[in-house]
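Peer 1: no sequence on this one, just coordinates:
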């Protein structure tokens with residue numbers, strides 16, 4: 001299964017399992033869950049749920065038949081058109097969400113200016129790594145992380161700035177996407193993350209993370225905007241918001257997900273709630 005194609009599908013907001021299963025279905029034309037599991041490498045116990053989600057997105061359809069569920073592809077051209085429509089809808093939703101954030105900021109902090117060059121910056125890719133290093137160096141008490149692809153320096157990279165922050169007593173919690181964590185191809189990622197867990201990072205799994213995000217001391221938020229990573233560039237197209245109210249709002253979103261997340265299993269730093 002072409003890894004480059006899998007990565008591109010994930011950039012279009014398909015999970016690892018969805019991307020693998022969709023490619024298997026496109027190759028076979030139609031198949032039942034057992035056949036899709038065998039050709040995609042996705043666990044059979046997860047295949048039916050994955051296909052229901054692909055069906056909901058219009059990327060597959062269930063054939064009317066008795067017995068085991070059988071699925072068919074609408075064809076390559078329609079899949080591409082549907083993926084494009086899904087991204088258009090996601091962009092519309094993101095714009096609506098951005099407008100709501102602006103309204104909330106205006107109503108929550110009416111005495112503050114709506115914009116400030118010192119508070120909000122859109123960072124080009126080349127600047128993000130150095131800005132993130134500064135954030136880590138300045139963090140004193142808490143680091144909250146929504147950790148999902150794309151990764152700037154590969155899934156096996158361990159950031160020394162994070163380890164240094166942990167060493168001086170910063171408490172850190174991280175959320176991962178469950179399907180990515182359990183993906184057999186994510187071995188290097190899990191091994192790297194275990195180093196953080198052994199150093200004290202608490203970790204948990206959720207079904208989906210809406211963004212890639214770091215919140216430091218509930219005063220600074222670094223948000224990765226939609227787009228792929230460039231080599232050694234950090235979080236591509238990132239938004240830096242140095243505003244306590246906005247960062248606190250993101251932290252509350254983190255807490256809501258954390259409250260219903262599942263601990264990372266095994267030796268990989270289970271949550272302590």
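Peer 2: Ah, there it is. Remember, predicted model here, so these are calculated numbers, not experimental data.
Peer 1: switch to C-alpha atoms for all contacts and neighbour counts from now on
Peer 2: Will do.
Peer 1: hmm, residue 36 is touching residue 27, no?
Peer 2: No - applying C-alpha atoms under 8 Å, one finds residue 36 not in contact with residue 27, separated by 10.0 Å.
Peer 1: these two: which has the busier surroundings?
Peer 2: Counted by other C-alpha atoms under 10 Å, residue 36 and residue 27 do not tie: residue 36 has more neighbours, with 26 against 13.
Peer 1: mind naming the longest helix for this structure?
Peer 2: Criterion DSSP state H: the longest helix present in the chain is helix 76-108.
Peer 1: do me a favour and average the pLDDT over that one.
Peer 2: Mean pLDDT, helix 76-108: 86.
Peer 1: which residues belonging to it are considered buried?
Peer 2: 79, 82, 83, 86, 105 (16 or more other C-alpha atoms under 10 Å).
Peer 1: isn't residue 26 up against residue 76?
Peer 2: Yes - between residue 26 and residue 76 there is a contact at 7.1 Å, judged by C-alpha under 8 Å.
Peer 1: any chance of the buried residues of helix 76-108 in CSV, with distance to residue 40 too?
Peer 2: Formatted as CSV, those follow (distance: C-alpha to C-alpha, whole Å):
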residue, distance to residue 40
79, 18
82, 21
83, 20
86, 23
105, 45
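Peer 1: and the residue nearest the centre of this structure?
Peer 2: residue 148 (3.4 Å; C-alpha atoms, centre = their mean).
Peer 1: so that residue sits against residue 176, correct?
Peer 2: Yes - here residue 148 reaches residue 176: they are 6.3 Å apart, a contact under C-alpha under 8 Å.
Peer 1: any shared contact partners between those two?
Peer 2: Common neighbours of residue 148 and residue 176, using C-alpha atoms under 8 Å, 6 or more residues apart in numbering, are residue 209.
Peer 1: please enumerate the helices of the chain.
Peer 2: 3-11, 16-28, 33-40, 44-56, 76-108, 125-138, 160-167, 178-182, 187-198, 244-259.
Peer 1: may I see the buried residues of the third one?
Peer 2: Of the residues in helix 33-40, those buried under the neighbour-count criterion (16+ other C-alpha under 10 Å) are 33, 34, 35, 36, 37, 39, 40.
Peer 1: what angle do it and helix 44-56 make?
Peer 2: Between helix 33-40 and helix 44-56, the angle comes out at 100 degrees (axes from the mean of the first three to the mean of the last three C-alpha atoms, to 10 degrees).
Peer 1: tell me the helices and strands packed up against helix 33-40.
Peer 2: helix 16-28, helix 44-56 (3 or more C-alpha pairs under 8 Å, 6 or more residues apart in numbering; DSSP states H and E).
Peer 1: try 10 Å
Peer 2: For helix 33-40, the packing partners by 3 or more C-alpha pairs under 10 Å, 6 or more residues apart in numbering; DSSP states H and E come out as helix 16-28, strand 30-32, helix 44-56, strand 70-72.
Peer 1: no further queries at this time; thank you.
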